[in-house]
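A.B. asks: Take a look and give me a structure for this.
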Amino acid sequence: MWLLVLTLAAFAEPAPELAASLSARHADQDCAELVDQHGVDALIRAADEMTMPPWAPLRAAQCVGTVATEGGEPAIRRWLADAERPGLAAASVAGLERSLLPEGLHTAIQARLHDERFARTVRLEQSTHPPLRALVSP
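C.D. replies: Reported below is the predicted structural model:
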């Protein structure tokens, strides 16, 4: 019985408070507050599962990027490898602007930069974060 409850909880929708915060067009909470209040795993799940409004999963992915070194790296790596979810990859890389860049993400980002559409979206050559800008420097 407990296994069934735990299994259903794992597939539950993101918390209503988190969904409301991510859905608000001009939200008051920044990523640090969302991470503190809901945790990295909840943001990853929201990015993976929410579809409406369209900016909600992107905002969640961007917040995951801000905490790449605190548990967000595997999800970012997965989004970078998934050609079907370019928005999550780009949003999470945008979040890296305010984070330390984990060494393991260098290669994943560089591999994704071969996709011209992704490269145009993230514009790492204009990044204010030197490790990100270095990924596109000759």
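A.B. asks: Give me the helices and strands touching the helix or strand in which A90 is found, please.
C.D. replies: Under DSSP states H and E, the secondary-structure element containing A90 is helix 86-95. Counting contacts by 3 or more CB pairs under 8 Å, 6 or more residues apart in numbering; DSSP states H and E, helix 86-95 is packed against helix 40-49, helix 55-66, helix 73-81, helix 116-122. Just so you know, the C-beta spots here come from the backbone N, C-alpha and C atoms, and that holds for glycine as well.
A.B. asks: 7 Å instead?
C.D. replies: Packing partners of helix 86-95 (3 or more CB pairs under 7 Å, 6 or more residues apart in numbering; DSSP states H and E): helix 55-66, helix 73-81, helix 116-122.
A.B. asks: Helix or strand next in line after it, which one?
C.D. replies: helix 105-112.
A.B. asks: Any idea which helix or strand in the chain has the lowest mean pLDDT?
C.D. replies: Taking all helices and strands of the chain together, the one with the lowest average confidence (mean pLDDT, DSSP states H and E) is helix 2-10, at a mean of 37.
A.B. asks: what's downstream of that one, the next helix or strand?
C.D. replies: Moving toward the C-terminus from helix 2-10, the next element (DSSP H and E) is helix 16-23.
A.B. asks: Please tell me I have it right and Q110 contacts L135.
C.D. replies: Yes. Contact criterion CB atoms under 7 Å: Q110 and L135 qualify, at 5.6 Å.
A.B. asks: Just want to know which of these two has more residues nearby.
C.D. replies: For Q110 versus L135, neighbours defined as other CB atoms under 10 Å are more numerous around L135 (19 against 13).
A.B. asks: if I look at that one, how far off is H106?
C.D. replies: Noted for L135: a distance of 7 Å to H106, by CB to CB, to the nearest Å.
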